[in-house]
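Engineer: Sharing a model that was predicted from the sequence below.
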Amino acid sequence: MAAIQERLLSLASLFGTYSQAIMMLSSTITLAIILAVLSAVLLTRRHKRLRDLPPGPPGWPILGNLFDLPKEYPWIVYSNWSKTYGDIIFLRTVSTPMLIVSSSDIAFDLMDKRSAIYSSKEASVMDKMTGWEFNLGLMPYGQRWRNIRRKVHEHFNRMVTPKYHDKQTKHIQAFLRRCLTETGRQFNPSLMRQLVATTILDVVYGIEIESMDDDYIKIVVEALEVLGETRKPGKYWADFIPLLQYVPQWVPGASSVKFAAQSRPIVEEMVNKPFDAVRNEKNPNDCTVSALLAKIAPQPDIGRRAEEEVHARHAAGVVYAAASETTFSLLQTFFCGMALNPGLQQRARNELDSVAVFLECIRWMPAAPLGAPHSLSQDDYSNGYFIPSDTIIVPNVWHMLHNPEDYPEPDMFNPDRFMKNGGLNPVVRDPTTIAFGFGRRICPGRHFAKDSAFLVFASMLHVFDIMPSIDEGGGELDPTPELKGSIIAFPTPLNFRGKPRSEAAERLIRTTGM
Ligand code: HEM
């Protein structure tokens, strides 16, 4: 009897296992079918979405458009591509999708109106390796960005910047005196770099320097060269194959690692050296950093205070870096434009005309011809095209500012395009709404940059005539420049010189602000 019971039990258990197995099998099959259908649907949708990508050069398997990326004048190459592919061009470099936007309307639609999802940024592998990751302009959208941005905004918003006019004017007067020694055949552009660097060092760190050879100027120029170098398309492979960042320096071809190891100390010095000089000073001069530190000091929580100090360090560092070469480029453009248009200089002394001159300088040779890329944080559609999450959005600012529909004869330097009946023409698109970036990431230093430009324009034109430079035989050189560079671009060559307008003007320069 027991044996029968045992057989029955084992049969039952066998039957149970079998039925469980059947159930498991059938549920696995069902799951597999569901998964298969789901993935087929997803694949079809994905495929459809990939079919919906904006047009662009075809590229290679895996590497995508890596070899299509232009090494020189990318804004012109992208501008030419837009004639074939339209206002939005899709590219892919290995795994990074990129969208080149050539229309200002689309740029506003994406980065301004949809700024909730188009405001992030992503530091590249090379940015991280070279120490540039601290830069607000490369920081993902989030709390850290918000905190540092707030610090920059507090010290450079429209209401605050007039308080810097005295410092700006003092440095312009010193610049004009230095210009008196340089009124030969050709203007020395390093005088302008010195003006910009001394002003921003004084405003941000309260540090006053006299010579162009000063370390403080060298480090910012060199650190920005590092940034420009890493932006050269296809130059450092670690950006496309991140594993390369772990290759030891001695391995042949480890150029990304070698370059980063040389560059990092330069970038760190730019951020730390002037900041520590203020921090270690018992009675620092009135400046952005001393104000930031004074605000942090009462914070009781040590951890919070340390974090705030790092943010202050990075806020000051990014202003120092972001203001220097951009403003230098803008001033060079002004001098080229003036040398090309001697007749305009008399009029440009008038306030409204000087606004038109400023707008035309910003438009004609934009200091950041490809703006600064934004990153899209979720899938999106634009103009019927699919734009995948994490796409890098590159506004072709140069193309937008050279669009003949908005700006007829765009290659001409012609401030009159902004004037009508003795006033500013409201119909002409304001180039500052494009050249200073978009949406939540718009340049927070634009008011300071504008003030710097107006003060230099007015002071220079008051006492100097700007004219084409002359060669050894006394012949005039053509001051028409072309725009060259990378993340920041400059008019080149600089064929202009300055000459005091009169003896009285020269006396004024020598005696003012001494
Ligand atoms: C002619 C002068 C200047 C030009 C053309 C310029 C242009 C730009 C552009 C195109 C951006 C990127 C905006 C975007 O991502 O959409 C930017 C960002 C920035 N600029 Fe400027 N800029 C100039 C001067 C300055 C000055 C004088 C300062 C500081 C006082 C400054 C501080 C910054 C900072 C901190 C950012 C990063 C903002 C962020 O990502 O939130 N810039 N600038």
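Structural biologist: That came through, no problem.

Engineer: Get me the contact residues on this structure for the ligand.
Structural biologist: Counting by CB under 6 Å from any ligand atom, the chain comes close to the ligand at 136-137, 149, 152, 156, 318-319, 322-323, 326-327, 330, 367-368, 371-372, 374, 435-438, 441-445, 448-449. Every residue, glycine included, has its C-beta placed from N, CA and C.

Engineer: Mark which of the residues you listed are part of helices, please.
Structural biologist: 149, 152, 156, 318-319, 322-323, 326-327, 330, 435, 448-449 (DSSP state H).

Engineer: Compute the distance between Ala223 and the ligand, please.
Structural biologist: 15 Å (CB to the nearest ligand atom, to the nearest Å).

Engineer: which one is Pro55 nearest to, not counting chain neighbours?
Structural biologist: Nearest residue to Pro55 in three dimensions, chain neighbours excluded: Tyr85, at 4.5 Å (CB to CB, 6 or more residues apart in numbering).

Engineer: Least confident secondary structure element in the chain?
Structural biologist: Within the chain, no helix or strand scores below helix 2-51, which has a mean of 48 by mean pLDDT, DSSP states H and E.

Engineer: list the contacts for Val251?
Structural biologist: Taking CB atoms under 8 Å, 6 or more residues apart in numbering, we find Val251 in contact with no residue.

Engineer: returning to that earlier point: identify the farthest-apart pair in the ones in helices among the residues of the chain next to the ligand.
Structural biologist: Using CB to CB, those span at most 22.3 Å, a distance reached by Arg149 and Leu330.

Engineer: more neighbours, the two?
Structural biologist: Each of Arg149 and Leu330 has its neighbours counted (other CB atoms under 10 Å); Leu330 has more, 25 against 20.

Engineer: you'd agree that one is up against Ala449?
Structural biologist: Yes: applying CB atoms under 8 Å as the test, Leu330 and Ala449 come out as touching, 6.8 Å apart.

Engineer: just the strands in the stretch 301-450 of the chain please.
Structural biologist: Applying DSSP state E, counting those that start in this stretch to the stretch 301-450 of the chain gives strands spanning 374-375, 380-382, 385-387, 392-395, 419-420, 423-424.

Engineer: And for Pro408, the neighbour number?
Structural biologist: 10.

Engineer: Quick check: the residue lying closest to it once chain neighbours are set aside vs the ligand, distance?
Structural biologist: Distances taken as CB to CB, 6+ apart place Arg417 nearest to Pro408, at 7.2 Å, with adjacent residues excluded. Computed with CB to the nearest ligand atom, the distance linking Arg417 and the ligand is 19 Å.

Engineer: and Arg417, what is it in contact with?
Structural biologist: 356, 360, 407-408, 425, 428.

Engineer: Looking at the residues you listed, which is nearest Trp81?
Structural biologist: Tyr407 (20.3 Å).

Engineer: what about the chain, any weak spots by pLDDT?
Structural biologist: 1-48, 183, 513-514 (pLDDT under 70).

Engineer: What residues are bridge-paired with the closest residue to Val355 other than its chain neighbours?
Structural biologist: Spatial nearest neighbour of Val355, chain neighbours left out: Leu424 (6.4 Å); criterion: CB to CB, 6+ apart. Beta-bridge partners for Leu424, by DSSP bridges, are Met419.

Engineer: Run a quick check on Leu424 versus Ala356, I expect a contact.
Structural biologist: Yes: assessed by CB under 8 Å, Leu424 is found in contact with Ala356 at 6.8 Å.

Engineer: shared neighbours of these two, which are they?
Structural biologist: Here Leu424 and Ala356 share the contacting residues Phe418, scored by CB under 8 Å, 6+ apart.

Engineer: Those two - which one has more neighbours?
Structural biologist: More crowded of Leu424 and Ala356, by other CB under 10 Å: Ala356, with 23 against 16.

Engineer: I'd like the distance between the more buried one and Thr511.
Structural biologist: To Thr511, Ala356 is 31 Å away according to CB to CB, to the nearest Å.

Engineer: Next: Tyr385.
Structural biologist: Computed as CB to CB, the Tyr385 to Thr511 distance reads 63 Å.

Engineer: okay, these two: which has more neighbours?
Structural biologist: Using other CB under 10 Å as the criterion, Tyr385 and Thr511 rank with Tyr385 on top: 16 against 10.

Engineer: pretty sure the more buried one contacts Leu53?
Structural biologist: Yes: using CB under 8 Å, Tyr385 is in contact with Leu53, at 6.4 Å.

Engineer: Quick check: neighbours shared by those two?
Structural biologist: In contact with both Tyr385 and Leu53: Phe90, using CB under 8 Å, 6+ apart.

Engineer: What is the burial count for Val203?
Structural biologist: Neighbours of Val203 using other CB under 10 Å come to 26.

Engineer: hang on, isn't Leu293 packed against Arg279?
Structural biologist: Yes: Leu293 sits in contact with Arg279 when judged by CB under 8 Å, with a separation of 6.5 Å.

Engineer: quick one, which of these two is more surrounded?
Structural biologist: For Leu293 versus Arg279, the count of surrounding residues by other CB under 10 Å is larger for Leu293: 20 against 15.
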